[in-house]
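> Dropping a prediction and its sequence here:
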Amino acid sequence: MTDQGRDQAVAATLKGVHHSARPTWKLKETVDFYTKVMGLELIHAIAARGWGDDGHPDFIHFFFDSGQGSTIAFFYYLNTPQPEPAMATDHWLYRSVHTAWRVDTREELLAWHERFEAHGLEVMQIRHELIESVYVYDPNGYFVEVTWQVRGMGDHDAGDAALTLAAAIAIEEETGARVTSMEDIWRRKGDLVETHLGKAA
Amino acid sequence: MAAIFVLDVPEFRNIIDHAQTRDDLRVTPVGRGYYRIEADGDLRFNRRELQFNPAIWYSVFSGGLKGRIAEFGRTDVVITDDPGAAS
């Protein structure tokens, strides 16, 4: 079968998370956190000589069961010093790189809040637009989010999202630079919504 | 004329309901899930009256706006007419 024929036979779709992966330099602390604090099961680990890229170090790659077929994975690289962090791990920009783990109900979310606090962790709980989340730091300084989605996302959400991104991209294309003003985005969005609705601006 | 578009979803519903109780505002369903809220003069909202938490308050114009933001603080926001733009 040609590649083209294969593409036509099976659509390229995604079925959720298999694993997230991050490096760790705190092996025991990481295992303790994910098994004892979070109560996850260590379900797979591979200990291998480095291969592939030149100079790739030997490593342990290990996985914790995070439900629904998903896993939380870490790499422990041998003979590899930890780089100096580019910024403080509690900086908002550092925290922006994270994974949020889903629960089904607010009661489950609150159970996580209580569980983290019972282990002496500082817990942050925030109600966002569509989700409510609790946050803790793992021993590596990674931001761990557990989240409950308050409602489903419908067609109107998708249409609105498309117009928001279209507004910001239009400004970037016109100026040749990154957007500097949220008001500019909101104003352009207003124009796009009017156009979208078929009303003369 | 100052105006905003609000997507009719639960998290933003309070501003639609609130606007419908005010004589100084016109609230019109305009399709595609949006309401248009407009005023002849300035468009003013207070966060406590809307009972918006910070995440919603600071994204309150996510649906788009017509006019200029004259004030946007922790509790009050004012949109003024933009004479240079058609409404």
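Ah, there it is.
> What is the helix ranked longest in chain A packed up against?
Counting residues, the longest helix found in chain A (DSSP state H) is helix A:155-175. With contacts taken as 3 or more C-beta pairs under 8 Å, 6 or more residues apart in numbering or on different chains; DSSP states H and E, helix A:155-175 sits against helix A:182-196, strand B:2-7. C-beta coordinates here come from the backbone N, C-alpha and C atoms, glycine included.
> mean confidence for the first one?
This predicted structure assigns helix A:182-196 an average pLDDT of 97.
> Could you do stretch B:15-25 as well?
pLDDT averaged over stretch B:15-25 gives 97.
> Just to check, residue A:136 is in contact with residue A:121?
Yes. Applying C-beta atoms under 8 Å as the test, residue A:136 and residue A:121 come out as touching, 4.7 Å apart.
> Residues contacting stretch A:166-179, please?
With C-beta atoms under 8 Å, 6 or more residues apart in numbering or on different chains as the test, stretch A:166-179 has contacts from A:184, A:185, A:186, A:188, A:189, A:191, A:192, B:64.
> buried stuff in it?
Within stretch A:166-179, the residues that count as buried by 16 or more other C-beta atoms under 10 Å in any protein chain shown are A:167, A:168, A:170, A:171.
> Please apply the same query to stretch A:65-75.
Under the neighbour-count criterion of 16+ other C-beta under 10 Å, stretch A:65-75 has A:66, A:70, A:71, A:72, A:73, A:74 buried.
> follow-up on the earlier one: residue A:136 and residue A:121 - which one has more neighbours?
Using other C-beta atoms under 10 Å in any protein chain shown as the criterion, residue A:136 and residue A:121 rank with residue A:136 on top: 22 against 18.
> Could I get the contacting residues of the more buried one?
Applying C-beta under 8 Å, 6+ apart to residue A:136 gives the contacts A:116, A:121, A:122, A:123, A:124, A:143, A:144.
> picking up where we left off before, which pair of the contacts of stretch A:166-179 spans the longest distance?
A:184 and A:192 (12.4 Å; C-beta to C-beta).
> of all the buried residues of stretch A:166-179, which comes closest to chain B?
Closest to chain B out of the buried residues of stretch A:166-179 is residue A:167 (7.5 Å), distances taken as C-beta to the nearest C-beta.
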